[in-house]
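1. Would you be able to build a 3D model of this:
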Amino acid sequence: MEKETRYLTFALTKGRLAKKTLELLEQIGITCEEMKDPDSRKLIFVNEDLKIRFFLAKGPDVPTYVEYGAADIGVVGKDTIVEEGRKIYEVLDLGFGKCRMCVCGPKEAKALLGGQELIRVATKYPNIAKDYFYNQRNQTVEIIKLNGSIELAPIVGLSEVIVDIVETGSTLRENGLEVLEEVCPLSARVVVNPVSMRMENERITRLLNELNRIVSGPEKN
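-> The predicted model follows:
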């Protein structure tokens, strides 16, 4: 008796990353028409022919769904992977959603980096900031977790510098701030649940190889 094919479940980060991921998947023949309906209130979208399910989640939740096996595969920004520190495999850089994690602040704050003086660092990414200053710079800092406009912190005197994602840098410039140091480059990555990788190795490996062919090929932007 033939073993029934189980569903392979994708957790996609809501917004631009999900849109770009679906466009990429379409190039390798994986479509989900249900997800194209802007008025749909469904939470789970299914391609019955391919036995694939999709759901959308907020970025920080994607690695959690993947770690606990609620999703076999996830697509999420590198910043979220590093910040969340989940037990998952990061298997492919999709090459879109490119930006940088940087230390930013007013020009004069550059002199405070690497020194002995205790400085305050405001960020949405306390784990990334802590790792960078403590383990890479060997500098003791006070990390202040914020959720809103991080650029405000050095302007109003809450912190000397910030650690945040930078795309164009225009918001920084408009507020008298600049990139002082780059922490790491960022982009959208594919992550996989370790158990799923073992149980569905053939299907997942084939899918990853096809995606890699697209993102590495001449069509890559």
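2. Okay, helices next: where are they in this protein?
-> 16-27, 62-67, 78-84, 126-130, 152-155, 170-174, 194-199, 201-216 (DSSP state H).
3. and among these, the most buried is which?
-> Greatest average neighbour count among the helices of the chain goes to helix 62-67 (a mean of 24), per mean count of other Cβ atoms under 10 Å. C-beta: built from backbone N, CA, C; applies to glycine.
4. related to what we said a few turns ago, I'd like to know which of the helices of the chain lies nearest to residue 45.
-> Closest to residue 45 of the helices of the chain, according to Cβ to Cβ: helix 16-27, at 9.9 Å.
5. Who does the residue most central in space within the chain form a beta bridge with?
-> Taking Cα atoms, centre = their mean, the centroid of the chain lies closest to residue 77, which sits 1.2 Å from it. Beta-bridge partners recorded for residue 77 (DSSP bridges): residue 188.
6. so it sits right up against residue 14, yeah?
-> No - taking contacts as Cβ atoms under 8 Å, residue 77 lies outside contact range of residue 14: 11.7 Å.
7. What ranges in this structure fall below the confidence cut-off?
-> Applying pLDDT under 70 to the chain picks out residues 1-4, 218-221.
8. all strands of it, in order?
-> 8-13, 44-47, 52-57, 73-77, 89-93, 99-105, 119-123, 141-145, 161-166, 178-186, 188-192 (DSSP state E).
9. so which of the ones you listed comes closest to residue 132?
-> Of the strands of the chain, nearest to residue 132 by Cβ to Cβ is strand 178-186, at 5.0 Å.
10. Pairing partners for the closest one, with directions?
-> Next to strand 178-186 in the sheet, as set by DSSP bridges, lie strand 99-105 (antiparallel).
11. roughly how far out does the partner strand sit from the chain middle?
-> Computed by Cα atoms, centre = their mean, to the nearest Å, the separation of strand 99-105 from the middle of its chain amounts to 15 Å.
12. so that strand versus strand 73-77, what angle?
-> 40 degrees (axes from the mean of the first three to the mean of the last three Cα atoms, to 10 degrees).
13. Buried by neighbour count: which residues of strand 99-105 qualify?
-> 99, 100, 101, 102, 103, 104, 105 (16 or more other Cβ atoms under 10 Å).
14. mind checking how far the first one is from residue 55?
-> Okay, so that is residue 99. According to Cβ to Cβ, to the nearest Å, residue 99 stands 25 Å off from residue 55.
15. could I get the helices of the chain as a markdown table with distance to residue 6?
-> As requested, the helices of the chain are exported to a markdown table (distance: least, Cβ to Cβ, whole Å):
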| stretch | distance to residue 6 |
| --- | --- |
| helix 16-27 | 19 |
| helix 62-67 | 16 |
| helix 78-84 | 25 |
| helix 126-130 | 34 |
| helix 152-155 | 47 |
| helix 170-174 | 45 |
| helix 194-199 | 8 |
| helix 201-216 | 9 |
